[in-house]
Structures are given as structure tokens and as C-alpha cells.
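Novice: Just the structure for this:
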Amino acid sequence: MTGARPRILYIASHCPAGPDFGARLRVRHVGRLLRGVGDVTLLLVSAGDWPDEWLDEARADFDLAGVIRMRHADAWPTRLRRSIDPAFLNTHGFAITPTDRATIVGLIREHDAAWVHTVRTANATGLRRWPGAVLDVDDLPSQLESTRAAGLTGAARARARWRAAMWGVRERRLLSRFAALAVCSDADRRRLGGAERIGVVPNGFDRPAPVPRRPASPPRFGFIGTLEYGPNLDGVRWFVDRAWPTVRAAHPSATLRLVGAGSDAGAVAGPGVEGLGYVDDPGEEIATWTAMVVPVRAGGGTRVKIAEAFARGCPVVATPIGAFGYDAEHGRHVLLADTPEGLAGACARLIDEPGLGARLADHAAALYESKYTWEASAPVVADLIARAARRDALAAQAAVAERAAGAAA
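Specialist: Numbering: from 1, shown residues only. Now for the predicted structure:
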């Protein structure tokens, strides 16, 4: 490593600029934490296309080395091998060209350490060994498949369980491929073995500008998140179909407001359900909610909407999976339930018990300040980069020694 500050290559799958959603927020804020550690070069590797103004904004925030486009590579032989071979790197049906792979290898050699966002991105490069890199595992596919399996039956459940088992094998091998891993929660760290080289970087939320709470009357509940993401859409539909009628039966004037991409397209409909679409700054809207509802039934990683609710002082009603990864206690920070009846009952409590929502929000705000601001993760990010830089230097020394031994022979 040269100089006092390491040179860090940041390989991300999402442009840090553009409308907010969970993965983009993580890319943006982890990048800013990395800037506090060293000199950061951003390389975008993605199957998506972004407007020029987003890329211009990213260049203003980071030293942008370029954009590498993944290509679809998902013919049936690839899908078959992926289903039976946990060592196969094409895990998501995407790949890059050999020229682009050489570009990445060259950039890695020019930097002291690398940070790679998502298993999908790393595997799409076709590179198996990353001795000087941190892999940001913000979503464990084994957990996603396991939770999906719980809601399925028959052959579909068996297939999901098989995929979960295959991903479990792949995930257990990650520490042999990377210098260190970043995960979203202590539970994810334990799932991957709990090694010292695994650091917890929770999905946090920037401190928002203060907006006074003014819960609407009649009661108003809300959900925030893109309905273009399957687990979000599934959870909201399930809540509206199974829990919301019970809430409305007791409180016919109650409303449920959906905020996020796709929410205004009619994907979810029901009495008192209103889709607002994407809202650039939802603070004023959330301030009117009796509670944020997070009825997610499947998924890996953590839901940044929980940290947002805590930061904004909004009470939360969630499934255990919806609140997974946050150290939130039922009855103290959130109300948790895993059945439609339980979720409806939690909503009713917040309507009928004066002061309950404020108590939950106050305790959740204190938890947010102690653990879920982004700056709380700065020491962990610095430690992971230091570990990656040390292992990169050791790998380089080993390669020099190996070449010297070969020359002597």
C-alpha cells in the first residue's frame, strides 16, 4: 500500500445516483464511507442502463472509471449446470466479455484493496479469486430461497429448497474467495460462520430533516418500497387480501398508502388502498402515518425501510422477516406478527391504544441512533478494507516469491 491512504477500487452493481431504493442507498453510502478510508475509484458493472444525468452526478461524487455492461448468458446448459454445480460461477445468468474482465483485473492491480457489491456482480466477472477484496453480501440467496420455500408446496417447494441448499454451499465458500465479507446483520454473520473476517454493515439511513409527526385522522397506514421487487409485491398483496379487510371492518375510514415505484400502476388494489407511486422525499407523507407496515414474507438481507421508519419516528408493524436483521424487540421497538390476524391486531392496537405508537417510535429512534446511522458503520468498513489490503499485499509477496523460486529452479 502506498501513502497513508489506500487506493480502493469500488465495484458496484447500481449507479449511486438516481431515485432512492434499498440497494442504491447502500451503494451510495458505503461508497461515501469508503471515501473516508481511502481514495476511491468507482467501477459500475451492471446489466442496467442509466440516464447520462445520473452518471454525471455519480462522477461528481466519485472518481468514475467507467461502466461495464453485463450480458445475458443463460442458455439451458448454463441453467442445468448452475442447478447442480455449486462451483459454477454463472449463478445469475449474466457474464462480461474477456476484454472487460481484463480491464477489471488491471484495475485491481492498480489499487490496494477492492470492495465488490453483491455476489451476482462478483460472479458475473468470471473471477473466482479476489485476495485483496471485500465482498458486500447485502442479500443471502440461501435465505431468500428458504423463505420462498416456506410459502410454496409440492414440486415448487422442493425446487426452492434445493436452490437454498446449493446457495448455502456457495456462501460457505465465499471466505476462501475473498479477503473479507460485509453483511447486513449479526444473523447473516452467524449464517456464514461468524469468522473475524466477516463484518456487519447494517442497512442504515441518513438522518432526515426533522418533520413533526402529525398522524392523520382517520387512521392512515403506509408501505414504502418498490412494488417492482417480487417480495415487496407479494407481501403487500398478502396484507391487503388477508389482513387489511379486518382492519377496515373495525375502522372503515382507515386508509393504506403505498409509496414506491409501481405502486400507482394498479398492481395492488382494495378498499381504502391508495398508490402514490415514487415520492422523491416521503418525509411529509410518512409523518402522517399511524404506522409503517412491512408485511414481507420472503427475502434475504435486511429492509432499509425499517431503518427509515426508525429514523423518521414512525411506528412499525412488521412480519419477523420484514424486520429481520434489526435488533428490534416486539412490543418495545416494533409490533411483530407473522399471520394476517396478528398484523391486523397490531394495526388495531396502534389505533385503539393512545400513546403506544409514540412509545414504540421513541425506543426505535434511540436504537437507530445507537446502531443504524451510516456513520456507525465507519469503523467496520475501515477494518474490512485494512484486512483486504493486508491480504492483497501478502498475496503479491507470495506471487513474487513463487516467481523467484521458479527462476532459481
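
Novice: Now do the same contact list for the nearest residue to T373 once chain neighbours are set aside.
Specialist: Nearest non-adjacent residue to T373, counting by CB to CB, 6 or more residues apart in numbering: G204, 5.6 Å away. (C-beta placed from N, C-alpha, C; glycine too.) By CB atoms under 8 Å, 6 or more residues apart in numbering, the residues touching G204 are H29, V304, A307, Y372, T373, W374, A376, S377.

Novice: how does it look with 7 Å?
Specialist: By CB atoms under 7 Å, 6 or more residues apart in numbering, the contact list for G204 reads H29, A307, Y372, T373, W374, A376, S377.

Novice: what's near enough to touch the third one?
Specialist: This means Y372. Here Y372 is in contact with P202, G204, F205, A307, F310 (CB under 7 Å, 6+ apart).

Novice: Could I get these in TSV, plus columns for secondary structure, pLDDT and distance to P86?
Specialist: Putting these into TSV (DSSP: H, G, I helix; E, B strand; the rest coil; pLDDT from 0 to 100; distance: CB to CB, whole Å) gives the following:
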residue	secondary structure	pLDDT	distance to P86
P202	coil	94	28
G204	coil	92	32
F205	coil	92	35
A307	helix	94	33
F310	helix	96	37
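
Novice: Considering those, which possesses the most neighbours?
Specialist: Within the contacts of Y372, F310 tops the neighbour count with 29 neighbours, counted by other CB atoms under 10 Å.

Novice: who's in contact with that residue?
Specialist: F310 touches A364, A365, L367, Y368, Y372, counting by CB under 7 Å, 6+ apart.

Novice: Which of those residues sits closest to I198?
Specialist: Y372 (18.8 Å; CB to CB).

Novice: Return the distance of the closest one relative to R24.
Specialist: 18 Å (CB to CB, to the nearest Å).

Novice: Where do the domain boundaries of the chain fall?
Specialist: Taking automatic domain parsing as the reference, the chain has its domains at 7-203+374-408, 220-371.

Novice: a markdown table for those domains, including distance to R214?
Specialist: Conversion of those to a markdown table gives the following (distance: least, CB to CB, whole Å):
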| stretch | distance to R214 |
| --- | --- |
| domain 7-203+374-408 | 23 |
| domain 220-371 | 6 |
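
Novice: which stretch among these comes nearest P210?
Specialist: domain 220-371 (8.9 Å).

Novice: gap between the two ends of the closest one?
Specialist: 28 Å (CA to CA, to the nearest Å).

Novice: what's the offset of that domain from the middle of its chain?
Specialist: 18 Å (CA atoms, centre = their mean, to the nearest Å).

Novice: what's the answer for stretch 200-212, then?
Specialist: Distance, centroid of stretch 200-212 to centroid of chain: 15 Å (CA atoms, centre = their mean).

Novice: cool, and stretch 370-389?
Specialist: For stretch 370-389, the distance to the chain centre is 16 Å (CA atoms, centre = their mean).

Novice: how near is W130 to A114?
Specialist: From W130 to A114 the distance is 7 Å (CB to CB).

Novice: buried stuff in the host helix or strand of L350?
Specialist: Secondary structure from DSSP states H and E places L350 in helix 340-352. Judged by neighbour count (16 or more other CB atoms under 10 Å), helix 340-352 contains these buried residues: P340, L343, A344, G345, A346, C347, A348, R349, L350, I351.

Novice: again, but for stretch 234-249
Specialist: For stretch 234-249, by 16+ other CB under 10 Å, it's D234, G235, V236, R237, W238, F239, V240, A243, W244, T246, V247, R248.

Novice: Low-confidence regions, the stretch 301-409 of the chain specifically.
Specialist: Along the stretch 301-409 of the chain, the parts satisfying pLDDT under 70 run over 301, 392-409.

Novice: Mind doing that once more with 50?
Specialist: Along the stretch 301-409 of the chain, segments meeting pLDDT under 50 span 397, 400-405, 407-408.

Novice: ok so, going back, determine the set of other helices and strands touching the helix holding L350.
Specialist: helix 244-250, strand 316-318, helix 356-371 (3 or more CB pairs under 7 Å, 6 or more residues apart in numbering; DSSP states H and E).

Novice: Quickly compare those and say which is most buried.
Specialist: strand 316-318 (a mean of 29; mean count of other CB atoms under 10 Å).

Novice: Perfect, that will be all.
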